[in-house]
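Student: with the input below, show me the fold.
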Amino acid sequence: MQTTIAQKAQFRGVGLHSGAAVRLAILPAPADHGIVFVRTDLDRARIPARWDHVTPSQLCTLLDNGQGATVSTVEHVMAALSGTGINNAVVEVNGPEVPILDGSSAPFVQGILEAGLRQQHVPLRAIRVLREVEVQQGEAFARLSPADHLEIHFDIDFVDAAIGHQEKRLDMANGSFVHELMDSRTFCRQADVVQMQKNGLALGGTYLNAVVVDGDKVLSPGGLRHRDEAVRHKMLDAVGDLALAGAPLLARYTGHRAGHAMTNKLLRALFAQPDAWEWVTLTPAMESRQPGAGVIASAARLASRNRQLAVA
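Tutor: So this is what the prediction gives:
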């Protein structure tokens, strides 16, 4: 069944690249609505959260409605929506960039679960990948292969010893996003921070909303949340960028040194080949393997327990 958020969830923060203060709210939406961003500062201009509305941008995913309204750095909130199994929502934002919060998806997930989830009793359709599709750029590549549910395999390789080579595989069923990925923060090299800020980027970045490394040193207070936090964050980004397919994917995603632009290029390659994918209506068994399935059950139990405590 399709799912939406039960009530409004609100967030405040700054844009990672703009440094501007921004407010964001996630609101319920009807079945078959999908995820749509609304710029409240631009006469409520609507921007669909879809692969064909992604426009080239540095270091983040930027959506454009083709009529002058854009919203950037959408990947972390999109990952949170996908990872909690939300198919329909309005995401209101009062500026051109989503707040970075702590650099991960965890604050968005926590806000969503506190607001609650509501099943809509309308069948959920998914996109099943039928044959392998791959895109390459130099040594980097991204690939989608047939699978019964979403799986992700990612590896990265950085010269900085604090990151180095990292590789991870995850079956995204059973709430893996919430348990394994949601709290992993965006990361960068100290030398890149200096260069980005010279170019007018990362103006809202701090050691508290990103993992900053310099050689073998982690400069952010408290160090890493996970030994392999960097590759986990790349997987988090992939979950968010793949959510722009417009429906859940039944596929295995493999990324080697891949990023936002390459994942979008991969979706474009997939949908350009009609024989490479098909629509399917999920059975209950298939729904139970979706990324948010276990999260929905946990949230429902938590809500029920809170209601019981309130009555007591």
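
Student: where in the stretch 151-300 of the chain is pLDDT low?
Tutor: 201-203, 296-300 (pLDDT under 70).

Student: where along it do the helices fall?
Tutor: For the stretch 151-300 of the chain, applying DSSP state H, counting those that start in this stretch gives helices covering 176, 190-198, 229-242, 260-271, 284-287, 293-311.

Student: who are the packing partners of the shortest one?
Tutor: In other words, helix 176. With contacts taken as 3 or more Cβ pairs under 8 Å, 6 or more residues apart in numbering; DSSP states H and E, helix 176 sits against no other helix or strand. For every residue, glycine as well, the C-beta is placed using N, CA and C.

Student: contacts for that helix next, please.
Tutor: If you take Cβ atoms under 8 Å, 6 or more residues apart in numbering as the criterion, helix 176 is touched by L170, P291.

Student: give me the distance from that helix to the chain's centre.
Tutor: Offset of helix 176 from its chain centre (Cα atoms, centre = their mean, to the nearest Å): 13 Å.

Student: can I get stretch 183-201 in PDB? Just the C-alpha atoms.
Tutor: Provided in PDB are the C-alpha atoms of stretch 183-201 (Å, rounded to 0.1, in the frame of the first residue of the first chain):
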ATOM      1  CA  ASP A 183      23.200   9.100  10.400                       C
ATOM      2  CA  SER A 184      26.200   9.100   8.100                       C
ATOM      3  CA  ARG A 185      27.200  12.600   7.300                       C
ATOM      4  CA  THR A 186      28.500  14.300   4.100                       C
ATOM      5  CA  PHE A 187      32.300  14.500   4.000                       C
ATOM      6  CA  CYS A 188      35.000  16.500   2.300                       C
ATOM      7  CA  ARG A 189      38.700  17.300   2.400                       C
ATOM      8  CA  GLN A 190      40.000  20.400   4.100                       C
ATOM      9  CA  ALA A 191      41.700  21.600   1.000                       C
ATOM     10  CA  ASP A 192      38.400  21.200  -0.900                       C
ATOM     11  CA  VAL A 193      36.600  23.300   1.700                       C
ATOM     12  CA  VAL A 194      38.900  26.200   1.100                       C
ATOM     13  CA  GLN A 195      38.500  26.000  -2.700                       C
ATOM     14  CA  MET A 196      34.700  25.600  -2.500                       C
ATOM     15  CA  GLN A 197      34.400  28.700  -0.300                       C
ATOM     16  CA  LYS A 198      36.500  30.700  -2.700                       C
ATOM     17  CA  ASN A 199      34.000  29.700  -5.400                       C
ATOM     18  CA  GLY A 200      31.000  30.700  -3.300                       C
ATOM     19  CA  LEU A 201      30.100  27.200  -2.200                       C
END
